[in-house]
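Peer 1: need a 3D model of the sequence below.
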Amino acid sequence: VQASVLSREAVGNWIKFTIHVMQVFKQGSAKVHRGTQFLWVSVTDLACKCPKIKVKQTYLILSKDSRQPERPGLTADERSIVIEWKDDWARRMRRYQRRQRKGKCKN
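Peer 2: Here you go, the predicted model:
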């Protein structure tokens, strides 16, 4: 998912980021749609700056979808990857998407 971070809010032991999903490259069982979504990161994961997430930045987010009704959206944990987006990745990511659709990539 390519997303830009719009805001940040503390909710109990979690930080809720409001993100604008710009592009979905690959989906899991729950469908992630473009537009406004939430990204949840536990306070303990955020304290060690893994991942370090700033408002008004765009990121490539590789994480799982949250199946918790109290935390709708994406959840980033120690196994997630959240890295600053680089514009030169766009063409490469579209190429991987085409390969995936044609069945050339293993799931």
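
Peer 1: does the residue nearest in space to the middle of the chain lie in a helix or a strand, and which?
Peer 2: Centroid-nearest residue in the chain: I61, 3.2 Å away (criterion: CA atoms, centre = their mean). Using DSSP states H and E, I61 falls within strand 58-62.

Peer 1: now for that strand, which elements pack on it?
Peer 2: Secondary-structure packing of strand 58-62 (3 or more CB pairs under 8 Å, 6 or more residues apart in numbering; DSSP states H and E): strand 2-11, strand 81-84. Just so you know, the C-beta spots here come from the backbone N, C-alpha and C atoms, and that holds for glycine as well.

Peer 1: sheet-wise, list the partners of that strand with their directions.
Peer 2: Strand pairing for strand 58-62, determined by DSSP bridges: strand 2-11 (antiparallel), strand 81-84 (antiparallel).

Peer 1: hey, C-alpha coordinates of it in PDB?
Peer 2: Taking Å, rounded to 0.1, in the frame of the first residue of the first chain, the C-alpha atoms of strand 58-62 are listed here in PDB:
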ATOM      1  CA  THR A  58       4.200   9.200   2.100                       C
ATOM      2  CA  TYR A  59       5.100   5.600   2.900                       C
ATOM      3  CA  LEU A  60       5.100   2.100   1.400                       C
ATOM      4  CA  ILE A  61       3.300   0.000   4.000                       C
ATOM      5  CA  LEU A  62       3.500  -3.800   4.100                       C
END
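
Peer 1: what does that strand contact?
Peer 2: Residues outside strand 58-62 that contact it (CB atoms under 8 Å, 6 or more residues apart in numbering) are 1-5, 19, 22, 39, 51, 53, 74, 76, 80-85, 89.
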